[in-house]
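**Q** build the 3D model from these lines:
(one chain, ligands or ions: 1)
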Amino acid sequence: MSTIGKPARCVVTGGAGFIGSHLVDALLADGNHVVAVDNMSTGSATNLGNARAHPNFDFVEADVADAVVMEPIVAACDRFYHLASYVGVKLAAMSSSQTILNNLRAIDTVLALVSRYKPRFLLTSTSEIYGKALDVVGGSDALAEDADRVYGATEIHRWSYAGVKAVEEFLTLAKHHEEGLDAVIVRLFNIIGPRQVGRHGPVVPRFVDQALANEPITIYGTGEQRRCFTYIDDAIDAITLLTGRDDTGGEVFNIGGCAPISMRDVAELVCEISGSTAGVTYVPYEAAYGKKFEDVQYRMPDTSKLESWTGFSIDRSMRDVLTAIIEQHPSRTIAQVRASDV
Ligand SMILES: NC(=O)c1ccc[n+]([C@@H]2O[C@H](COP(=O)([O-])OP(=O)(O)OC[C@H]3O[C@@H](n4cnc5c(N)ncnc54)[C@H](O)[C@@H]3O)[C@@H](O)[C@H]2O)c1
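**A** Here you go, the predicted model:
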């Protein structure tokens, strides 16, 4: 059943981040009132440039683990979107304890408050949850939401991100089961788009920055690792469709797009579309992530559950997605991408 179209009072944690700021814009465009909460640890004020001028928007700079600040905000909302997180494998590999503790403190406070005030709740989880399941099990099967998870040893810090996001999922599902929280979880697969920055690890913005500066694109490892990337607009559409329903409590959905592509092919496409002639360079994982690191070779989502619940499927090509990102890059160079001949 759908409640799409009814204005709601929404809270977006991590609202100054990449995905959060796009969600804020979409919720405002749909006529909702939105409060964004962010501690600006990786977020940026410029991401909220559109929203700040909107009469239905408020911004609170705070840590979501601060219950005193958060209680009145939660008490006054209908929908709570929890995106605030230390994000990604690189940040986890470099600052594992901060990633774990920041996310645990945040989910602890947030779930206590939403359990008390009962807004509809969404948690953004990650494809990292599946770990290296497909590499170990083998084959080319897509990962369904009930697939087994396979992680490496605890001495490999990258797995702390998967571990803490799994705990966030467990806690959220427990609150649904034990206290009736109307909670839905989305597992996002490599979301890319404008406003994403490469400094904390994501591949595509880093590749695009390097290509537009006509510097060689740095590929870690062999470049044969394959992922399924998802354009931000598609992720936001899927999220808003799911949270517009009132029958998704206790459910988990994969959100993923584009066919699997290797990092080598992503780099070559970025060079082609941007006009970069600098090529690529290969660097061992150790240079980026330190001594003990393990990568995942292949990950692909089964999105049939999302499609059957919402009728929404994602079928953009990686070429179209990269073209859109390069065209909207704030510092387009390489002769403005050959005078827009992309
Ligand atoms: N980008 C992706 O491809 C991807 C993939 C899977 C899952 N996700 C999930 O999506 C969500 C958003 O990711 P993103 O890519 O927009 O990352 P991001 O780093 O751009 O945004 C995260 C935001 O959370 C804020 N934040 C962190 N801890 C906070 C705290 N304790 N209190 C208040 N604010 C805090 C940061 O300042 C930042 O603005 C995260 O939950 C992440 O795990 C992202």
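
**Q** residue boundaries of the helices in the chain?
**A** Taking DSSP state H as the criterion, the chain carries its helices at 18-29, 67-75, 89-94, 96-117, 133-137, 159-179, 203-212, 232-243, 263-274, 285-289, 304-310, 318-327, 334-340.

**Q** for these, which one sits closest to Ala53?
**A** If you check each of the helices of the chain against Ala53 by C-beta to C-beta, helix 18-29 wins as the nearest, at 10.1 Å. C-betas here are computed from N, CA, C, even on glycine.

**Q** now do the closest one against helix 203-212, angle only.
**A** 100 degrees (axes from the mean of the first three to the mean of the last three C-alpha atoms, to 10 degrees).

**Q** quick one: name the residues of the chain near the ligand.
**A** Counting by C-beta under 6 Å from any ligand atom, the chain comes close to the ligand at 13-14, 16-20, 37-43, 63-65, 83-87, 102, 106, 124, 126, 188, 190-191.

**Q** quick one on the thing from earlier: now render the helices of the chain as TSV, adding mean neighbour count, mean pLDDT and distance to Gly152.
**A** Listed next are the helices of the chain as TSV, based on neighbours: other C-beta atoms under 10 Å; pLDDT from 0 to 100; distance: least, C-beta to C-beta, whole Å:
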stretch	mean neighbour count	mean pLDDT	distance to Gly152
helix 18-29	23	98	26
helix 67-75	16	98	34
helix 89-94	23	84	12
helix 96-117	19	97	13
helix 133-137	16	87	10
helix 159-179	19	97	5
helix 203-212	22	96	20
helix 232-243	21	97	27
helix 263-274	21	97	20
helix 285-289	15	86	13
helix 304-310	15	97	27
helix 318-327	19	96	28
helix 334-340	13	58	39
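
**Q** out of those, which gets nearest to Gly249?
**A** helix 159-179 (5.7 Å).

**Q** can you spell out which helices and strands pack onto that closest one?
**A** Applying 3 or more C-beta pairs under 8 Å, 6 or more residues apart in numbering; DSSP states H and E, one finds that helix 159-179 contacts helix 89-94, helix 96-117, strand 120-126, strand 183-188.

**Q** and the residue of the stretch 201-342 of the chain closest to the ligand?
**A** Using C-beta to the nearest ligand atom, Pro202 is the residue of the stretch 201-342 of the chain that sits closest to the ligand, at 6.3 Å.

**Q** residue contacts, that residue?
**A** Neighbour list for Pro202: Gly88, Asn190, Ile192, Gln196 [criterion: C-beta atoms under 8 Å, 6 or more residues apart in numbering].

**Q** recalculate using a threshold of 10 Å.
**A** Phe18, Val87, Gly88, Val89, Lys90, Asn190, Ile191, Ile192, Gln196, Phe229 (C-beta atoms under 10 Å, 6 or more residues apart in numbering).

**Q** make CSV from the residues you listed and add distance to Ala324 to it.
**A** Below are those laid out as CSV (distance: C-beta to C-beta, whole Å):
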residue, distance to Ala324
Phe18, 15
Val87, 22
Gly88, 22
Val89, 25
Lys90, 24
Asn190, 15
Ile191, 13
Ile192, 10
Gln196, 12
Phe229, 12
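
**Q** next one: stretch 183-202 to chain centre, how far?
**A** Stretch 183-202 sits 3 Å away from the centroid of its parent chain (C-alpha atoms, centre = their mean, to the nearest Å).

**Q** what about that stretch, average pLDDT?
**A** The predicted model assigns stretch 183-202 a mean pLDDT of 93.

**Q** heads up, I number from 16, so please use that
**A** Okay, residue one is now 16; in that scheme the one you just asked about reads as stretch 198-217.

**Q** need the per-residue pLDDT for the closest residue to Ala303 other than its chain neighbours.
**A** Spatial nearest neighbour of Ala303, excluding adjacent residues (C-beta to C-beta, 6 or more residues apart in numbering): Tyr235 at 5.1 Å. Looking at Tyr235, its pLDDT reads 94.

**Q** so who does Tyr235 touch?
**A** Counting by C-beta under 10 Å, 6+ apart, Tyr235 touches 105, 218, 278, 297-304, 308, 310.

**Q** thinking again about what came up before, could the helices and strands packed on helix 174-194 go into TSV alongside distance to Arg347?
**A** Putting the helices and strands packed on helix 174-194 into TSV (distance: least, C-beta to C-beta, whole Å) gives the following:
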stretch	distance to Arg347
helix 104-109	25
helix 111-132	33
strand 135-141	29
strand 198-203	27
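
**Q** list phi and psi for the residue of the stretch 216-357 of the chain closest to the ligand.
**A** phi -60, psi 140 (degrees, to the nearest 10).

**Q** where's it relative to Leu106, distance?
**A** In this view, Pro217 and Leu106 are 10 Å apart by C-beta to C-beta, to the nearest Å.

**Q** go on, Arg314?
**A** Distance, Arg314 to Leu106, by C-beta to C-beta: 18 Å.

**Q** for stretch 321-338, the distance to its chain's centre please.
**A** Per C-alpha atoms, centre = their mean, the displacement of stretch 321-338 from the mean C-alpha position of its chain is 15 Å.

**Q** correction: stretch 302-314
**A** 19 Å.

**Q** Ile288 touches Ile340, doesn't it?
**A** Yes: in this structure Ile288 lies within contact range of Ile340 using C-beta atoms under 10 Å: 9.0 Å.

**Q** what do those two both touch?
**A** Common neighbours of Ile288 and Ile340 are listed as Val223 (criterion: C-beta under 10 Å, 6+ apart).
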